[in-house]
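Enquirer: pasting the structure only:
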């Protein structure tokens, strides 16, 4: 629910979030069973695209409902989380602007803990908050914030920014956060060749160990660049480079039968594409090749064991029959991970289709994929089948239904084979006004 009356923005969400799952530290195997996770979020904002302020709050917690497995033997605890966030932007003198965002996350590791809050110099805020929320000795809070100043005109922009995320910052509203880092960056972007050439890039300094609890501190120059060139009306090419990660999705690699959460410290990618348009059909052919360097830059002799050189390639083809509104897509992808003790490989195939009916009031689509994995002493297969239906009976109204089936089977030469199967469905109704 997210109406936007005038300059106001109001948002509300209540429902189930992604399940809480953990890695078994004794075997390194990802445990598919997990607690259900439910949350409620609200958002209130005011302003325009150039100048605005938004406030948001989320309250979420784990529940034993639907737990698959032995709760008494589970290597998990029921967690709870409250996050208060804000972001703003103010534009002045038409082209100058300042911006910022921040959040405080209150995380309770075990809802059933009998420990009382031990208030010290780092946890003074919890004494006040325990009267509002069900806090205990396992509760902690973390901060994250960023801001900067910039200048933007039609074909050019530049801004300087600062970002700081405290160690262990997390939120149930976002499934991954890089933390324990601070960045100072200078960003720029521009258009050239009558808009056919687009460039964006940044350079700055990043360091970690904000609380000085690590044995080593990483400090380095960070940079990134993205170039997109429409060479002709038919052919275009994209290229990107980065020596640091800015995404909010983790890189997970199975190394020596253990799942490692790795940061992309360097990546280089190139994606040429061909678009063929006629009165009857629209065809898009896209090829991509990306090299990722995952490694720990600290001077730790054991860190090299976790270095990963990853190569990712894919080929996608999309065909749209313009007259009847039918789109067909297929693709193949390949991933190769080179490690100090061996190689892991993944190969996958995908097939999808979508069709419009009743003057585009009804849309039906399906996306399906099959992935084969060969890792050190481990092999597996993942089958993902999905179907989505959207129907708009009236202007501004949309009914959505999504059905998905996931089947994951794993064979390990050192442990018993395991598998995981899940069937999910979503039903939603959206009103836009």
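Expert: Cool, the structure landed. What you see is a predicted model; the values in this text were computed from it and never measured.
Enquirer: who's in contact with residue 86?
Expert: Counting by Cβ atoms under 8 Å, 6 or more residues apart in numbering, residue 86 touches 53, 54, 55, 56, 101, 102, 103. (Each C-beta comes from the backbone N, C-alpha and C, glycine too.)
Enquirer: my bad, residue 13
Expert: 1, 39, 40, 41, 42.
Enquirer: Look at it and report its pLDDT.
Expert: You'll see residue 13 listed with a pLDDT of 87.
Enquirer: do the same with residue 350
Expert: pLDDT, residue 350: 96.
Enquirer: Can you give me the distance of residue 348 to residue 342?
Expert: Using Cβ to Cβ, to the nearest Å, residue 348 is found at 20 Å from residue 342.
Enquirer: And for residue 133?
Expert: Counting by Cβ to Cβ, the gap from residue 133 to residue 342 is 47 Å.
Enquirer: doesn't residue 133 make contact with residue 111?
Expert: No: using Cβ atoms under 8 Å, residue 111 makes no contact with residue 133, being 10.6 Å away.
Enquirer: what do the two both touch?
Expert: With Cβ under 8 Å, 6+ apart as the test, residue 111 and residue 133 both reach residue 80.
Enquirer: between those two, who's got more neighbours?
Expert: Per other Cβ atoms under 10 Å, whichever of residue 111 and residue 133 has more neighbours is residue 111, with 17 against 14.
Enquirer: Now that one: which helix or strand?
Expert: Using DSSP states H and E, residue 111 falls within no helix or strand.
Enquirer: Torsion angles phi and psi at the nearest residue to it once chain neighbours are set aside?
Expert: Closest residue in space to residue 111, ignoring its immediate chain neighbours: residue 78 at 4.4 Å, by Cβ to Cβ, 6 or more residues apart in numbering. Main-chain torsions, residue 78, degrees, to the nearest 10: phi -80, psi 110.
Enquirer: And residue 78, what's its pLDDT?
Expert: 86.
Enquirer: Count the residues that sit near it.
Expert: Around residue 78 there are 20 residues (other Cβ under 10 Å).
Enquirer: All the helices of the chain, residue numbers only.
Expert: Secondary structure of the chain (DSSP state H): helices at 124-129.
Enquirer: Next up, the contacts around the residue nearest to residue 240 when sequence neighbours are not counted.
Expert: Ranked by Cβ to Cβ, 6+ apart and with sequence neighbours excluded, the top spatial neighbour of residue 240 is residue 226, at 4.6 Å. Applying Cβ under 8 Å, 6+ apart, we find residue 226 in contact with 198, 199, 200, 201, 238, 239, 240.
Enquirer: Give me the buried entries from those.
Expert: Buried residues within these, counting neighbours by 16 or more other Cβ atoms under 10 Å: 198, 201, 238, 240.
Enquirer: Spatially, which two of the residues you listed are the most separated?
Expert: 201 and 238 (13.7 Å; Cβ to Cβ).
Enquirer: And the nearest residue to residue 345 once chain neighbours are set aside, how far from residue 334?
Expert: Of all residues not flanking residue 345 in the chain, residue 374 sits nearest, at 4.9 Å (Cβ to Cβ, 6+ apart). Distance from residue 374 to residue 334, counting by Cβ to Cβ: 12 Å.
Enquirer: now swap in residue 423 and tell me
Expert: The gap separating residue 423 from residue 334 is 29 Å, by Cβ to Cβ.
Enquirer: Measure how buried residue 12 is and give me the count.
Expert: If we define neighbours as other Cβ under 10 Å, then residue 12 has 12 of them.
Enquirer: check contacts around it.
Expert: 1, 2, 41, 42, 43.
Enquirer: Need the worst-confidence member of these.
Expert: In terms of pLDDT, residue 1 ranks lowest among these, with 72.
Enquirer: Just give the nearest non-adjacent residue to that residue, would you?
Expert: Of all residues not flanking residue 1 in the chain, residue 12 sits nearest, at 4.4 Å (Cβ to Cβ, 6+ apart).
Enquirer: ranges for the strands of the stretch 301-433 of the chain?
Expert: For the stretch 301-433 of the chain, the strands defined by DSSP state E, counting those that start in this stretch occupy 308-321, 326-339, 342-357, 362-375, 378-391, 397-412, 418-431.
Enquirer: Spit out the contact partners of residue 156.
Expert: 188, 189, 190, 191.
Enquirer: Of the contacts of residue 86, which is the nearest to residue 267?
Expert: Using Cβ to Cβ, residue 101 is the member of the contacts of residue 86 that lies nearest residue 267, at 25.2 Å.
Enquirer: Next, find the distance separating that closest one from residue 228.
Expert: Relative to residue 228, and taking Cβ to Cβ, residue 101 is found at 27 Å.
Enquirer: and what of residue 277?
Expert: 19 Å.
Enquirer: ok, now which ones touch the residue nearest to residue 111?
Expert: 35, 61, 62, 63, 64, 110, 111, 112.
Enquirer: Just the buried residues from the residues you listed, in ChimeraX please.
Expert: Buried members of the contacts of residue 78, defined by 16+ other Cβ under 10 Å, are picked up in ChimeraX with:
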select :35,61,62,110,111
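Enquirer: Report the two of the contacts of residue 78 separated the most.
Expert: 63 and 110 (13.9 Å).
Enquirer: Give me the pLDDT for the residue lying closest to residue 205 once chain neighbours are set aside.
Expert: In this structure, residue 205 finds its nearest non-sequential neighbour in residue 184, 5.2 Å apart by Cβ to Cβ, 6+ apart. Note on residue 184: pLDDT of 95.
Enquirer: what do you get for residue 71?
Expert: With respect to pLDDT, residue 71 has a value of 60.
Enquirer: What strands line up against the longest strand along the chain, and which way round?
Expert: Ranked by residue count, the top strand of the chain under DSSP state E comes out as strand 30-47. In its sheet, strand 30-47 lies beside strand 8-23 (antiparallel), strand 52-63 (antiparallel), with partners assigned from DSSP bridges.
Enquirer: Nearest to residue 314 among those strands would be which one?
Expert: Within the strands paired with strand 30-47, the stretch nearest residue 314 is strand 8-23; the backing value is 25.0 Å (Cβ to Cβ).
Enquirer: Noted, bye for now.
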